[in-house]
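Q: Attaching a predicted model along with its sequence, questions to come.
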Amino acid sequence: MKKTMAQAQKEYDDLVKRNKKRIQDIEDKIKQRKEAGRQHADLDQELESARKLSEGTESLTKRILDDIIEQEKQNEKEKAERESAQAAEAEQKAKIAARKAYIKGGGKPGDFESAWNNGLREKVIEKAVLDDETPKAREPIVKGL
């Protein structure tokens, strides 16, 4: 199962928090031993190991998080490109239908592009949006504007 960006971010944040707590606990034990005048070389080694382990696990988890973020950005980009292509295709179909209706209604074929660019396009898209009752069906046209 793929992790979402939110799940990966939470795991990373939790890991950092646990690592900081572990290091702080060891540092507190070292401080207590120092104040008591006791030996703490074993805790110094444990602290060094904890810091190295923390650095390694955080680095790995951060790379995983960055990969997930990059993948989600790529997915969003691809989705936007698909929606844009769908909108362009829907507009092209609407333009062809409008051209046929324009000519059938007595308009000159040579004048169509000018009419299209001077408000006919907006009217056709508005009509398509208003005529279609399903929000999902009109979404690519609306998003493509």
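A: Great, that's in hand. Please read these numbers as outputs of a predicted model, since none were measured by experiment. Residues are numbered from 1 along each chain as shown.

Q: going forward, measure contacts between C-alpha atoms and count neighbours the same way
A: Will do.

Q: Check which helices and strands the helix or strand hosting Glu76 sits against.
A: Element membership for Glu76, per DSSP states H and E: helix 41-104. The criterion is 3 or more CA pairs under 8 Å, 6 or more residues apart in numbering; DSSP states H and E, and the helices and strands that helix 41-104 contacts are helix 5-36, helix 121-131, helix 135-143.

Q: what angle sits between the second one and helix 41-104?
A: The one in question is helix 121-131. 110 degrees (axes from the mean of the first three to the mean of the last three CA atoms, to 10 degrees).

Q: buried set for helix 121-131?
A: Buried residues in helix 121-131, counted by 16 or more other CA atoms under 10 Å: Arg121, Val124, Ile125, Ala128, Val129.

Q: Output those residues as JSON lines; include the columns pLDDT and distance to Gln39.
A: JSON lines is the format used below for the buried residues of helix 121-131 (pLDDT from 0 to 100; distance: CA to CA, whole Å):
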{"residue": "Arg121", "pLDDT": "85", "distance to Gln39": "83"}
{"residue": "Val124", "pLDDT": "83", "distance to Gln39": "84"}
{"residue": "Ile125", "pLDDT": "79", "distance to Gln39": "80"}
{"residue": "Ala128", "pLDDT": "74", "distance to Gln39": "81"}
{"residue": "Val129", "pLDDT": "71", "distance to Gln39": "78"}
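
Q: re the thing from before, export the helices and strands packed on helix 41-104 as JSON lines, with columns for distance to Lys93.
A: Formatted as JSON lines, the helices and strands packed on helix 41-104 follow (distance: least, CA to CA, whole Å):
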{"stretch": "helix 5-36", "distance to Lys93": "38"}
{"stretch": "helix 121-131", "distance to Lys93": "11"}
{"stretch": "helix 135-143", "distance to Lys93": "11"}
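
Q: Which one of these lies nearest to Lys100?
A: helix 121-131 (12.6 Å; CA to CA).

Q: helices or strands up against the closest one?
A: Here helix 121-131 touches helix 41-104, helix 135-143, going by 3+ CA pairs under 8 Å, 6+ apart.
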